[in-house]
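*Asks:* got a sequence here, can you model it:
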Amino acid sequence: MNESRSGEAAAWWRTVLGEFPTGVVLVTTTGAAGEPLAMIAGSFVAVSQDPPMVGFLPVAGSGTFSALQTKGTFSVSVLGANHESLSRAFGGKSEKRFETAEWNESGDGNLRLTDALAWFDCRLNAVHQAGDHLIALADVEDYGVGDGGGGLPLLFLRGGYGAFALPTERFDASELSRKLRMVVRLREIIANLASKHGVSVLLGALAGDSVVVLAEASGWNVGEEPHDREEFGVSFPFAAPMSPALVAWAPAERSKQWLEGARHLIGSVDRDAYGKLVDEVRTRGYAISAGPTMVDRFDQVIARSGGDRAELVALWRDLHEDHVSESGSDVLSSLQIPIFDERGHAAMELVVAGLDLVGAQELECIVESAFAAARDSTALIGGVADPDWEAVIAR
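*Replies:* Model (predicted):
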């Protein structure tokens, strides 16, 4: 093949492969004098779960990879959409590339991005020749997630950078304003419910990818307040298993968003288990939150996380474990009842919290009062309750 034809074939090869999106990672190690070294890779792949192994494909003859082979260890930082300029800096071998980010070190002294989406500390296991590239396989000695500052995963497609878009209910400022106007009308209802039973009552609504607390009323006596902060304005990810009352009476797209939110946080989602959870909520007429994670940690983590993804991931893994194993499921934290809009969809959830301090007989009275409050709230905002829900609470 002549040089012209060879150039055309290479260009066409790159064009065809350009239709396949790849993630982008930064592979770091140290040189003989302890200096940091790094290379950008778009070929990073998980190889094995047991034992944990990963791999990537460096260019044959790479000086950085040669140093990596000598060192024997390296770290991988998964890049997010906010790392595009950093990726370009390392791809272009900028002299000040290590000054463009914040780092921490692995136990072997290899740099890791503080705000990486995920990171892996690796020990080289084997290297195989593969044409003009090498196949590098490595054992994973440690791994984790970053602080969430990197955004969604950085992708490379058709010769340029982009980012994955999560399925989402588009954030609509006018819709949120409408819900806030509804809340003004509902304040008296939630205040009466809180006062009647000496509990905390919240109104939560979906705003984009988060559930936001739009109002709070507390019926606790002075000196007996169980929380040391106000809930108003607090938000948390809209992700299973939290807030199923906003899913059970809603379009299918919202259920997909709810499940994908959990998958994005913990890497997988038990669709069958959460499908059964939603069915139970429909059958009962309300959702419950229970288990030691909800009672002991949820409020504290949400209050202090500030969007720290690592802390949220750990929290959601424990919430998932509590739900799947039903660990401590008799320890009730809160119940959530839907408030419906004019289409018969859950517009908000009425949340009665602090139920770990309530006895069984009193709980039955609270549920009855909460049903009445949700029905009155639905009517007050011009909503129409789902007929199946009405049938459930009429029993």
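
*Asks:* what residue, apart from its backbone neighbours, is nearest Ala373 spatially?
*Replies:* Leu193 (4.7 Å; C-beta to C-beta, 6 or more residues apart in numbering). In this view, the C-beta of every residue, glycine as well, is placed from N, C-alpha and C.

*Asks:* where are the low-confidence patches of the stretch 1-150 of the chain?
*Replies:* Judged against pLDDT under 70, the low-scoring parts of the stretch 1-150 of the chain cover residues 1-5, 148.

*Asks:* can you map out the strands along the stretch 201-350 of the chain?
*Replies:* With DSSP state E, counting those that start in this stretch applied, the stretch 201-350 of the chain shows strands at 210-218, 235-237, 287-290, 332-340, 346-353, listed in chain order.

*Asks:* ok, so what distance separates Asp209 from Leu277?
*Replies:* Taking C-beta to C-beta, to the nearest Å as the measure, Asp209 and Leu277 are separated by 20 Å.

*Asks:* do Ala10 as well
*Replies:* For Ala10, the distance to Leu277 under the criterion C-beta to C-beta works out to 52 Å.

*Asks:* neighbour count winner among the two?
*Replies:* Neighbour count, other C-beta atoms under 10 Å: between Ala10 and Leu277, Leu277 has more, with 17 against 10.

*Asks:* apart from its chain neighbours, what residue comes closest to that one?
*Replies:* Closest residue to Leu277 apart from its sequence neighbours, by C-beta to C-beta, 6+ apart: Pro244 at 5.6 Å.

*Asks:* quick one: contacts for that neighbour?
*Replies:* Neighbour list for Pro244: 258, 274, 277-278, 281, 287, 336 [criterion: C-beta atoms under 8 Å, 6 or more residues apart in numbering].

*Asks:* all helices of the stretch 51-200 of the chain, in order?
*Replies:* Per DSSP state H, counting those that start in this stretch, the stretch 51-200 of the chain carries helices over the ranges 63-71, 84-91, 173-197.

*Asks:* only alpha carbons, please: show the shortest one as CSV.
*Replies:* This points to helix 84-91. These are the backbone C-alpha positions of helix 84-91, laid out as CSV (Å, rounded to 0.1, in the frame of the first residue of the first chain):
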residue,chain,number,x,y,z
GLU,A,84,-11.7,19.0,29.7
SER,A,85,-9.1,21.7,29.9
LEU,A,86,-7.0,19.5,32.2
SER,A,87,-7.2,16.6,29.7
ARG,A,88,-6.1,18.9,26.9
ALA,A,89,-3.2,20.1,29.1
PHE,A,90,-2.0,16.6,29.7
GLY,A,91,-2.7,15.5,26.1
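
*Asks:* and it, what does it pack onto?
*Replies:* Contacts of helix 84-91 with other secondary structure elements, assessed using 3 or more C-beta pairs under 8 Å, 6 or more residues apart in numbering; DSSP states H and E, are made with strand 25-30, strand 36-41.

*Asks:* cool, the last one as well?
*Replies:* On a contact count with 3+ C-beta pairs under 8 Å, 6+ apart, helix 173-197 meets strand 200-207, strand 210-218, strand 346-353, helix 360-380.

*Asks:* contacts for it?
*Replies:* Under C-beta under 8 Å, 6+ apart, the answer for helix 173-197 is 199-203, 205, 207, 212, 214-219, 339, 347-348, 350, 352, 362, 365-366, 369-370, 373, 376-377, 380-381.

*Asks:* flag every buried residue along stretch 386-395.
*Replies:* Going by neighbour count (16 or more other C-beta atoms under 10 Å), the buried part of stretch 386-395 is 386, 389, 393.
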